[in-house]
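Engineer: Here is the input, now give the coordinates:
(2 chains)
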2 protein chains.
Amino acid sequence: MTVGESRDAMPPSRGVMIGAGYFAQFQAEGWNRIPEAQIVAVADALPGKARAFADKYGIPRAYTSAEEALDRERPDFVDIATRPESHLPLVRAAAARGMHVICQKPMAPTWNESVAMVETCEAAGVRLLMHENWRWQPWYREARRLMGQGHCGRVFQISARWRTGDGRGEKPYPNQPYFKEMPLLLVYETLVHLLDTFRFLGGELASVYCLNRRVNPVLAGEDQSLIAVTFRSGVLGLIDGNRISGPMPPPVAMNTLAIEGDAGMVRMTAEGELFVTQYGEPERPHPFPIPREGYKGDSVRATQQHLIESLRRGQPSESDGRDYLKT
Amino acid sequence: MTVGESRDAMPPSRGVMIGAGYFAQFQAEGWNRIPEAQIVAVADALPGKARAFADKYGIPRAYTSAEEALDRERPDFVDIATRPESHLPLVRAAAARGMHVICQKPMAPTWNESVAMVETCEAAGVRLLMHENWRWQPWYREARRLMGQGHCGRVFQISARWRTGDGRGEKPYPNQPYFKEMPLLLVYETLVHLLDTFRFLGGELASVYCLNRRVNPVLAGEDQSLIAVTFRSGVLGLIDGNRISGPMPPPVAMNTLAIEGDAGMVRMTAEGELFVTQYGEPERPHPFPIPREGYKGDSVRATQQHLIESLRRGQPSESDGRDYLKT
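Structural biologist: Numbers count the residues shown, from 1 in each chain, chains lettered A, B, ... in the order given. Down below sits the predicted model:
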């Protein structure tokens, strides 16, 4: 297959990226390996930033105005990779022009804005798909497959533990220094990945109890959290996170995971390796294929591949905006 | 020093043990290495049980009636090692005779009975000391010492994870088969150790949120629990326990522990080994002396040594009944 040749005999969907920040690089790199999509332009308000980004990733045109980019390019979809407070206005701009939206998580700073994003797109008849890569990391796909095969027996607990050291000191979060100013940080920016992954693994949640604290005093928001959840199935869930006491640089999967059942257990390390136990027998490694290119087991490309296919086929995605409100 | 010669120039305190079950063996063995105490008799309602126990541990006399043992022996203290539902009547029997009480945890099946135990002893002018060995295990003593030296910086979280496999299958808890019938099991019998140890490490608690489930369907009570606590200091605490998914036989310390601060961390394995981290440097083992005799780092003997000294000196213990109500 050559670049530009899609697998479904339709021409590639034309997309415009909004935002050329830290995470956008993974998205642009992912799009470059997805034949069903072609990014025709990138927009970033910071002068020169979109231009350099476009050059780096082979994107034809660069803009400093998102609206101008949308008006001139008339893309099939808009890929929003900006900070959450800008999501609602950008969604409105895209929906008003009849363009589908792929939007980076978290949705928006408030529940009302998140709902407005969903309703704006529904009213305009365009899709809103959330870019949520965590559940697409290959270790979670494999863990769910093992669970579905009955490896654990009846599952009774799903636990995730996030320990990174990227939030320490006077200048925390070197990759994303604006984290420092976010009034809501750990749950909203980080652990939302795990809540969504919990839904992927264990189905819908019934209750959430959350304790938050600020450990690093230079932050506006919280960087320590304990979250005890119940699933509708009765299974218990635990998310225990901070960005102080873990290794720096963080390991590829960031957090560990354990799925415990009455017959066995699946354990994931922060490197994304899986280990399985049948009770009474020693734990053993469970090797499985992990793509080495792209972001975190190529999860960004996998997310985008899934979203663009669901757009082109008109089928529901795993992260449609209305459904993602549950996360 | 020869047996029977105390270290404080007073004659040994004379004690009667009530109960000759599973845990009583550790207590009798511990008393035999404490020169300040002498167990003069043991009582157990099951015919022959006290006799065999007395022979095994060199205890002079055996009884099937606790009251008869107390009336004939007139001991200085009574060491109650029976199941919790019998604690209040036995405490009343001892207090009515002016004898101090050492009583195995948990206190009693209900809050009202626990309070009645405390008030009965206070009214009779005798001491009520709870036998709580967990906090006396040497790894916790050492962890607290490290914390007190400022090793962790400002502590922000204390977490314990209990994973044993002794509660699986049709015949769970081979050492203590009556666990199967207990209407309250994991928190009440097991994790109460950790709540008490949390108080030892982090001071008094401000709030407790608890989710319980029964995993093994043959049980009357619960065997899975998530407990999120806040300390008065603002520190967060987490207890995550089940007796299904861990190793069998269980490792000596049963649970793991982590004390995390803004400068470093102390981590304890389920074998009671300690590891310390200063952030930015690799984790390193922290060797310390662990007594190899007795129960779990000789914690039962250490508990009893502490309790008997506090009785003889008339000083508060770490586990006076009124204070233990907080646990």
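Engineer: only C-alpha atoms for contact and neighbour calcs from this point on.
Structural biologist: Noted.
Engineer: ok, so what distance separates the residue nearest to the spatial centre of chain A from chain B?
Structural biologist: Computing the C-alpha centroid of chain A and ranking residues by C-alpha atoms, centre = their mean puts A:Glu132 first, at 2.5 Å. Here A:Glu132 is placed at a distance of 28 Å from chain B (C-alpha to the nearest C-alpha, to the nearest Å).
Engineer: That residue and B:Ala143, how far apart?
Structural biologist: 40 Å (C-alpha to C-alpha, to the nearest Å).
Engineer: ok so, going back, how about the nearest residue to the residue nearest to the centre of chain A, chain neighbours excluded?
Structural biologist: Nearest non-adjacent residue to A:Glu132, counting by C-alpha to C-alpha, 6 or more residues apart in numbering or on different chains: A:Lys105, 6.0 Å away.
Engineer: Three-state assignment for A:Leu238, please.
Structural biologist: strand (DSSP: H, G, I helix; E, B strand; the rest coil).
Engineer: Next, the contact list for it, please.
Structural biologist: A:Leu238 sits next to A:Gln157, A:Ile158, A:Ser159, A:Ala160, A:Leu226, A:Ile227, A:Ala228, A:Val229, B:Leu226 when contact means C-alpha atoms under 8 Å, 6 or more residues apart in numbering or on different chains.
Engineer: chain center to the helix or strand containing the second one, what's the gap?
Structural biologist: What it means is A:Ile158. Element membership for A:Ile158, per DSSP states H and E: strand A:155-163. Taking C-alpha atoms, centre = their mean, to the nearest Å, one finds the center of strand A:155-163 at 18 Å from the center of the full chain.
Engineer: For it, which helices and strands make contact with it?
Structural biologist: Applying 3 or more C-alpha pairs under 8 Å, 6 or more residues apart in numbering or on different chains; DSSP states H and E, one finds that strand A:155-163 contacts helix A:192-202, strand A:236-242, strand A:255-261.
Engineer: and the ones you listed as CSV, adding mean pLDDT?
Structural biologist: Formatted as CSV, the helices and strands packed on strand A:155-163 follow (pLDDT from 0 to 100):
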stretch, mean pLDDT
helix A:192-202, 96
strand A:236-242, 98
strand A:255-261, 98
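Engineer: Out of these, which gets nearest to B:Pro249?
Structural biologist: Distance to B:Pro249, taken as C-alpha to C-alpha, is lowest for strand A:255-261 among the helices and strands packed on strand A:155-163, at 18.4 Å.
Engineer: And chain B, is that closest one touching that?
Structural biologist: Yes: Strand A:255-261 reaches chain B (C-alpha under 8 Å from any C-alpha of the partner chain) through A:Glu260, A:Gly261.
Engineer: partner strands of that strand, parallel or antiparallel?
Structural biologist: Strand A:255-261 pairs in its sheet with strand A:155-163 (antiparallel), strand A:264-268 (antiparallel), by DSSP bridges.
Engineer: Tell me which residues are up against the shortest one.
Structural biologist: Defining contact as C-alpha under 8 Å, 6+ apart, one finds that strand A:264-268 is touched by A:139, A:143, A:146, A:151-153, A:256-260, A:274-279, B:245.
Engineer: again with the longest one
Structural biologist: Residues outside strand A:155-163 that contact it (C-alpha under 8 Å, 6+ apart): A:194, A:198, A:202, A:234-247, A:254-262, B:215.
Engineer: Give me the buried subset of those.
Structural biologist: Neighbour-count burial (16 or more other C-alpha atoms under 10 Å in any protein chain shown) is assigned, among the contacts of strand A:155-163, to A:194, A:198, A:202, A:235-247, A:254-262, B:215.
Engineer: if we can go back for a sec, just the CA coordinates for the strand holding A:Ile158, please, in PDB.
Structural biologist: What follows is strand A:155-163, C-alpha atoms only, in PDB (Å, rounded to 0.1, in the frame of the first residue of the first chain):
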ATOM      1  CA  VAL A 155     -13.100 -10.700  38.500                       C
ATOM      2  CA  PHE A 156     -13.500  -8.900  41.900                       C
ATOM      3  CA  GLN A 157     -11.100  -5.900  41.700                       C
ATOM      4  CA  ILE A 158      -9.300  -3.700  39.100                       C
ATOM      5  CA  SER A 159      -6.500  -1.600  40.500                       C
ATOM      6  CA  ALA A 160      -4.300   1.000  38.900                       C
ATOM      7  CA  ARG A 161      -1.300   2.700  40.600                       C
ATOM      8  CA  TRP A 162       0.200   5.800  39.000                       C
ATOM      9  CA  ARG A 163       3.700   6.700  40.200                       C
END
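Engineer: tell me the mean pLDDT over it?
Structural biologist: Average pLDDT, strand A:155-163: 98.
Engineer: need the contact list for the residue located most distally from the centre of chain A.
Structural biologist: Distance from the centre of chain A peaks at A:Gly280, with 36.8 Å (C-alpha atoms, centre = their mean). Taking C-alpha under 8 Å, 6+ apart, we find A:Gly280 in contact with B:Pro247, B:Met248.
Engineer: what's the distance between the nearest residue to A:Ala124 once chain neighbours are set aside and chain B?
Structural biologist: Distances taken as C-alpha to C-alpha, 6+ apart put A:Ala95 closest to A:Ala124, at 5.8 Å, once the chain neighbours are dropped. Noted for A:Ala95: a distance of 43 Å to chain B, by C-alpha to the nearest C-alpha.
Engineer: got the phi/psi numbers for the nearest residue to A:Gly202 once chain neighbours are set aside?
Structural biologist: In this structure, A:Gly202 finds its nearest non-sequential neighbour in A:Phe231, 7.0 Å apart by C-alpha to C-alpha, 6+ apart. Dihedral pair for A:Phe231: phi -90, psi 160, per degrees, to the nearest 10.
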